[in-house]
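**Q** have a look at this prediction, sequence included:
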Amino acid sequence: MPGTSKQMYSDPQMESAVMRAWEDALQGRPIQYPDVLRELVDMSWQRCQQARVDPRARSGPAPLPDDLLFLRRERRRELLQASAPVMSLARSFLSETGTLMALADTDCTILNVEGDGPAIGSAESIHLMPGVAWSEALCGTNAIGTALAVGQPVQVHSAEHYCEGIKRWTCSATVIRHPFDGEVIGVLDVSGLSQTFSRQSLALVVTSAGRIESRLRMTEMERRYRLLDLALPRLAQAGSDGALLFDYRGCLVKANAHAQQAVGLAGVRLGLDALRQVPELAVNRLQHPSARMRLPEWLRPQWLHPLTENGQMLGTLVVLPHLPRQRVCTPDVAQAPHDAWASIVSTDACIQRLIDRGRMLSQSRMSVLLQGETGVGKELFARGLHAGGPFVALNCGGLPRELLASELFGYADGAFTGARKGGMAGKIEAADGGTLFLDEIGEMPLDMQAHLLRVLEDRAFYRIGDNTPRQVDFRLVAATHRDLRGEIEAGRFRMDLYYRIAVTSLLIPPLRERREDIPLLSRHFLARMQADGGTSAQDIDEEALALLQAYDWPGNVRELRNVIEGATLQCRGDVLGRECLPVEVLGTASAPSGAPPAAVGAVTSIAQGEEALIRQAIEACGGNLSQAARRLRIAKSTLYAKMQRYGLSRPLRSPTG
């Protein structure tokens, strides 16, 4: 298996056998002893042959001219700054070891080299130096190029290199990922002549890459807090307009309560998760002279509001203007309506029983766990359970770990660089006297689970950076789409916290299990659009309703609402017909009504089912995680997190994939 130590580490004792295997491969002969060749190396050699790499090459290509290398380093300035302490340490730590440390970008072009002087001199003879691209397609199998190709730590020793001229070398490398979304942003490598081989070299690069990622995380957090401080006054002024805050990379940082509906009314049939990154809003693209001509069709230039500090652009606030048909959404912190249960539209017997049970539970203060797939309406049930005081909602799966901690617990004045003067109250503090609704609690990191458990037991908490406890009294309602018992068995969720939050639980069925509600809900959403002046359509024809009932609704009620609202924008008459429906719903026309979705294998829990779906999507997309995320209708960063949770890896792809 790829994850075993045999596959991860090279074995110098097999060098002669690996060399014979290489000669067999070049001659097109079956490898005589295939078990001596690691799968990682075998797959890399195959990619090299498909890319027509010259196996007799003596070195890497010629380095970039100094001016082009300077520009490339400027574009990677943040990576270079974050790696500076690590590279400085390598200068002294690797001295007299015969090894060097190299930092490369996502094109495998080396940006910086530090380490043992003689080793650096020897490396120049094979062009292992700044300005040279060490991709597999140019240099054959090598740690830098192969690590980038497979997205994981790699060790390549001596004969395992594909090109003859670098078989005297041994190297270990791993990718460096952006701390917020897992995107690969660079490669770190340790290389030396063959006699310097050590398994510890791989541990060194993994640890060093982790330090670089930690420094990037600190820099990003400081930048995001500065961005939020700049944006908060404008977010408060947005009123009923939809507002989305994007950072300098075009990643969504915050959205107000009206954002989702405003995006839908702008013609985008995507949830906010699918808009987690809009590359066209990256600062380096926006500053290009033709940037406004390259914006997505739904995004108008006049909606963009750059946020700058000391002449530096930190991000962009997108404000989508309020339209008469927009319905005012309930904010994160609000008083519940007089009878929130009345807003749940259903004739399903199971839903009615849940509502009756919920009405009884709303009279108590016990913790309740709401379970069900994404989009089934867990927040509506949470608002029904809310009996008075502030209602404070927080999605535990939508924020990076550090930002989640500050959102939940708040922070004291001066807790970190860029912290707001006077500190900030967190959601726990804001929920005092009311209800705290923690959505997707199954996504909460383990260490934070321990802190939450302490709050629930002591009814007291500390702001980040503060030594003074604060007393609170709130009712907790938690929600998740995960099988928390399975998460407990897998060591990803605390058993003691589970029993604390699940004093009682409500399991909300998905929309596909109550198809009789689909016509009722569809007409309800249409009537709401009529009342808000958003459509002239009066009804939905029977053919369209049949198609809606045949569709399996992976996004449940939320997806149905978005489809109806989007369909009204396409409707030109009094009746909404099939021509107004999106292609994914029309795709059910050839399937019998109520046909079950394609099987993904027998599963015994929600978590196993999710793992199977993710694995299937990745394989179907040939390992392309961007395509897999779109196929699953989740953000790429969410896909990375779920892959890490389930121990999934990206399958190796050919150069043509």
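**A** Received, thanks.

**Q** got the domain ranges for the protein?
**A** Listed by automatic domain parsing, the domain ranges of the chain are 5-219, 238-320, 333-500, 511-590, 598-657.

**Q** would you mind putting these into JSON lines with mean neighbour count alongside?
**A** C-beta coordinates here come from the backbone N, C-alpha and C atoms, glycine included. Output for the domains of the chain, formatted as JSON lines (neighbours: other CB atoms under 10 Å):
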{"stretch": "domain 5-219", "mean neighbour count": "19"}
{"stretch": "domain 238-320", "mean neighbour count": "18"}
{"stretch": "domain 333-500", "mean neighbour count": "18"}
{"stretch": "domain 511-590", "mean neighbour count": "18"}
{"stretch": "domain 598-657", "mean neighbour count": "16"}
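
**Q** and Leu228, which of these is closest to it?
**A** Comparing those against Leu228 with CB to CB, the closest turns out to be domain 238-320 (6.8 Å).

**Q** run the chain-centre distance for that closest one.
**A** In terms of CA atoms, centre = their mean, to the nearest Å, the centre of domain 238-320 is found 18 Å from the chain centre.

**Q** stretch 236-252 now?
**A** For stretch 236-252, the distance to the chain centre is 19 Å (CA atoms, centre = their mean).

**Q** so for it, first residue to last residue, what's the gap.
**A** 17 Å (CA to CA, to the nearest Å).

**Q** over to stretch 474-487?
**A** In stretch 474-487, first residue to last residue: 26 Å (CA to CA).

**Q** about what we covered before: reformat the domains of the chain as TSV; add mean pLDDT.
**A** TSV is the format used below for these (pLDDT from 0 to 100):
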stretch	mean pLDDT
domain 5-219	92
domain 238-320	79
domain 333-500	87
domain 511-590	84
domain 598-657	63
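
**Q** relative to Arg630, how far out is Phe180?
**A** According to CB to CB, to the nearest Å, Phe180 stands 19 Å off from Arg630.

**Q** still on that earlier bit, so which of the domains of the chain gets nearest Leu230?
**A** Set against Leu230 and scored by CB to CB, these come closest in domain 238-320, at 4.6 Å.

**Q** can you get me the start-to-end distance on the closest one?
**A** Domain 238-320 has an end-to-end distance of 9 Å (CA to CA).

**Q** cool, stretch 29-48 as well?
**A** From its first residue to its last, stretch 29-48 covers 16 Å (CA to CA).

**Q** close enough to count as contact, Glu160 and Met43?
**A** No: counting by CB atoms under 8 Å, Glu160 sits too far from Met43 to count as a contact (12.0 Å).

**Q** and Met360, what helix or strand is that in?
**A** helix 349-361 (DSSP states H and E).

**Q** strands paired with the helix or strand just after that helix, and their directions?
**A** With elements assigned by DSSP H and E, the helix or strand that comes after helix 349-361 is strand 368-371. Strand 368-371 has the following strand partners under DSSP bridges: strand 475-480 (parallel), strand 504-507 (parallel).

**Q** any idea how far strand 368-371 is from the chain center?
**A** The chain centroid and the centroid of strand 368-371 are separated by 24 Å under CA atoms, centre = their mean.

**Q** what's in contact with that strand?
**A** 361, 378, 381-382, 385, 476-481, 484, 501-508 (CB atoms under 8 Å, 6 or more residues apart in numbering).

**Q** just to revisit the earlier point, distance to Ala231 for the domains of the chain - can I get that in TSV?
**A** Output for these, formatted as TSV (distance: least, CB to CB, whole Å):
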stretch	distance to Ala231
domain 5-219	17
domain 238-320	5
domain 333-500	12
domain 511-590	26
domain 598-657	20
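
**Q** so which residues of the stretch 451-600 of the chain form strands?
**A** Assigned by DSSP state E, counting those that start in this stretch, the stretch 451-600 of the chain shows strands spanning 460-461, 470-471, 475-480, 504-507, 539-540, 575-576.

**Q** output these as TSV; include the columns distance to Asp356.
**A** Converted to TSV, these look like this (distance: least, CB to CB, whole Å):
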stretch	distance to Asp356
strand 460-461	34
strand 470-471	35
strand 475-480	17
strand 504-507	11
strand 539-540	30
strand 575-576	33
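
**Q** Pro390 is nearest to which of those strands?
**A** Closest to Pro390 of the strands of the stretch 451-600 of the chain, according to CB to CB: strand 475-480, at 10.9 Å.

**Q** which elements pack onto the helix holding Met360?
**A** helix 378-385, strand 504-507 (3 or more CB pairs under 8 Å, 6 or more residues apart in numbering; DSSP states H and E).

**Q** of all those, which lies closest to Ser522?
**A** Ser522 lies closest to helix 378-385 among those, at 17.1 Å (CB to CB).

**Q** quick check: angle from the closest one to helix 349-361?
**A** 40 degrees (axes from the mean of the first three to the mean of the last three CA atoms, to 10 degrees).

**Q** gap between the helix holding Met360 and the chain center?
**A** On the basis of CA atoms, centre = their mean, helix 349-361 sits 35 Å off its chain's mean C-alpha point.

**Q** doesn't Phe437 lie inside a helix?
**A** No: using DSSP: H, G, I helix; E, B strand; the rest coil, the assignment for Phe437 is strand, not a helix.

**Q** for whatever helix or strand Ala628 lives in, packing partners?
**A** Taking DSSP H and E as the definition, one finds Ala628 inside helix 625-632. For helix 625-632, the packing partners by 3+ CB pairs under 8 Å, 6+ apart come out as helix 606-620, helix 636-646.

**Q** for Leu244, find the nearest of the strands of the stretch 451-600 of the chain.
**A** strand 475-480 (23.5 Å).

**Q** ok, and what's touching the closest one?
**A** In this structure, residues lying in contact with strand 475-480 by CB under 8 Å, 6+ apart are 365-372, 378-379, 382, 385-387, 434-442, 456, 501-502.

**Q** try 6 Å
**A** With CB atoms under 6 Å, 6 or more residues apart in numbering as the test, strand 475-480 has contacts from 365, 367-370, 378, 382, 385, 435-442, 501.

**Q** for stretch 102-113, same thing?
**A** Under the contact criterion CB under 6 Å, 6+ apart, stretch 102-113 has outside partners 73, 76, 83, 87, 100, 120, 130, 132-135, 144-145, 148, 184, 186-189.

**Q** how far does that stretch sit from the chain's center?
**A** Relative to its chain's centre, stretch 102-113 lies at 25 Å (CA atoms, centre = their mean).

**Q** so where's the longest helix in the protein?
**A** helix 200-237 (DSSP state H).

**Q** how far off centre is that one?
**A** How far helix 200-237 lies from its chain's middle: 15 Å, per CA atoms, centre = their mean.
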